[in-house]
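**Q** Here is my input, please return the structure:
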Amino acid sequence: MSGTLQFVPDNHIKARNVKGAYAVLVIQTVLMMTAIALISSSVHCKNVKPCELQTALDFIYLKYNTHPCKYNAIKEMSSGFLGLGIILICWNAILFLLTMCICWWKFGEKKQIIAVLILYIIIIIGTFAIFIVNLEKYIRFMKEREAQRDVDYIQLENEMMSALEQNFRSDNTSSNDLKSSAWNRFFIEHNCCAVHDVMGTTNDFDNTPWCTTSGSCQDTSSQIPRTCCKDVTLNNYTSAPSTCHASVNSGTYKPNCMDQVRKRSVKNIDEYQLGILSLSLLFSMILQILEVTIMTVLLFLPCCGCKNEK
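**A** You can find the predicted model right below:
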C-alpha cells in the first residue's frame, strides 16, 4: 500500500512556528543592536586622524618593513566592517518584517505552509552567507590585532640612517634629486636635523654622497645642510649663517629627527574601540548561528502538521 502526505490544519504547527518566530525576532533585534555598535566603532576607527609617522616616512621615501603605526592596518579595514554592519542592519530589518508576517500568518492551507518553508530556506541561506563574510572579517581582524606591535625604534633608526647615507646628495630643497629635496624639506617642516644629534663637524652626513662624492660638504664649505639651521624656512635657508652649517657651533642647529619621529608614532585607535569591534563581530556570529539553528529546526520538522493518508 502506498500513502501520501496531506497537509492538515493543526494548531500545533502554528504554535511551533509562532514560538520559533518570536525567538528569531528577539535574535534579530539584538543583531541589529550589535550591528549599530559595529557601525559606531567602525566609523570611529575610519575617522581617526591619519598616521603622522607613516606620512613623515613616506615623505622621505623610506620603506619601513612593518607598518610603523600600531593598528593602522585595522583603520584600513574599517570600511569593510562598516559595510558589514550596514548589511547586518538592512538584512535583519527585512527579516524582522518577514518574521512578523510568520507570527500573524494563519497556518493550515498547504500553500501557506509551503510559502513559510520557502521563506525559512531563504532566511537560512542569506544568513549563512552573511555569517561566512562575518567570520572572514573576524579572523582577519584578530590576525591583524595580534600582529600589531609597538614601533621598533632601533630598527627604524637604522633604516632612516641607511636611507640618509644612500640618498642625501644635496642641501637644496629644489634639487632635481627628489630624495635629497625630500630630506631637506623634512628637516625644515619637522624642525630637526639628521637622525642622531649633531655633535660637531663629525655627524650623520659624513658618509652621504653629499660629503663623499659631490656637494658643498665634499667641498668643505658646509658640514651640515643649511636646512638644518635654526629658524630657517623654505624661503630663506640659502642665507643660513656659516656659524651653523660650516662651523657647526652649538645652539645654531636643530635637534635630531628621531625625537620628532617618536612624537608622531602615537597610535590613534583606542583599545576599547578595538574591544567593541571584536565583541560586535563575535557576538553577531553567535546570534547568526542561533538564528540559522532555529530556522533549520522549524524547516525540518514540518511533519508535525502532516498526516499520512493511505
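
**Q** residues contacting the residue lying closest to residue 226 once chain neighbours are set aside?
**A** When the adjacent residues along the chain are set aside, residue 226 lies closest to residue 240, with 4.0 Å between them (Cβ to Cβ, 6 or more residues apart in numbering). C-betas here are computed from N, CA, C, even on glycine. Applying Cβ atoms under 8 Å, 6 or more residues apart in numbering, one finds that residue 240 lies in contact with 226-227, 229, 232.

**Q** What about these, which are in helices?
**A** Applying DSSP state H to the contacts of residue 240, no entry is found in helices.

**Q** Which of the residues you listed are buried? Put it as a ChimeraX command.
**A** For the buried members of the contacts of residue 240, the matching ChimeraX selection, counting by 16 or more other Cβ atoms under 10 Å, is:
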select :226,227,229,232
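
**Q** which one of the contacts of residue 240 is nearest residue 90?
**A** The nearest member of the contacts of residue 240 to residue 90, counting by Cβ to Cβ, is residue 227 at 54.1 Å.

**Q** Was I right to think that closest one contacts residue 170?
**A** No. Counting by Cβ atoms under 8 Å, residue 227 does not reach residue 170; the two are 10.2 Å apart.

**Q** Between those two, which contacts overlap?
**A** Residues touching both residue 227 and residue 170 comprise residue 184, with contact defined as Cβ under 8 Å, 6+ apart.

**Q** Next, count neighbours for residue 141.
**A** The criterion is other Cβ atoms under 10 Å. On that basis, residue 141 has 21 neighbouring residues.

**Q** scratch that, residue 297 is what I was asking about
**A** 12.

**Q** burial count for the nearest residue to residue 280 once chain neighbours are set aside?
**A** If the residues on either side of it in the chain are set aside, residue 280 comes closest to residue 38, at 3.8 Å by Cβ to Cβ, 6+ apart. The tally of other residues near residue 38 (other Cβ under 10 Å) stands at 26.

**Q** hmm, back to that, ok, so of the contacts of residue 240, who is nearest residue 25?
**A** Minimum separation from residue 25 among the contacts of residue 240 (Cβ to Cβ) is found for residue 227, which lies at 66.8 Å.

**Q** OK, contacts around that closest one?
**A** Residue 227 makes contact with 171, 173, 184-185, 187-188, 193, 237, 240 under the criterion Cβ under 8 Å, 6+ apart.

**Q** Please enumerate the helices of the stretch 1-150 of the chain.
**A** Counting by DSSP state H, counting those that start in this stretch, the stretch 1-150 of the chain has these helices, from start to end: 11-47, 52-59, 72-104, 110-147.

**Q** Does anything pack onto the third one? Which helices or strands?
**A** Using 3 or more Cβ pairs under 8 Å, 6 or more residues apart in numbering; DSSP states H and E, the elements in contact with helix 72-104 are helix 11-47, helix 110-147, helix 271-299.
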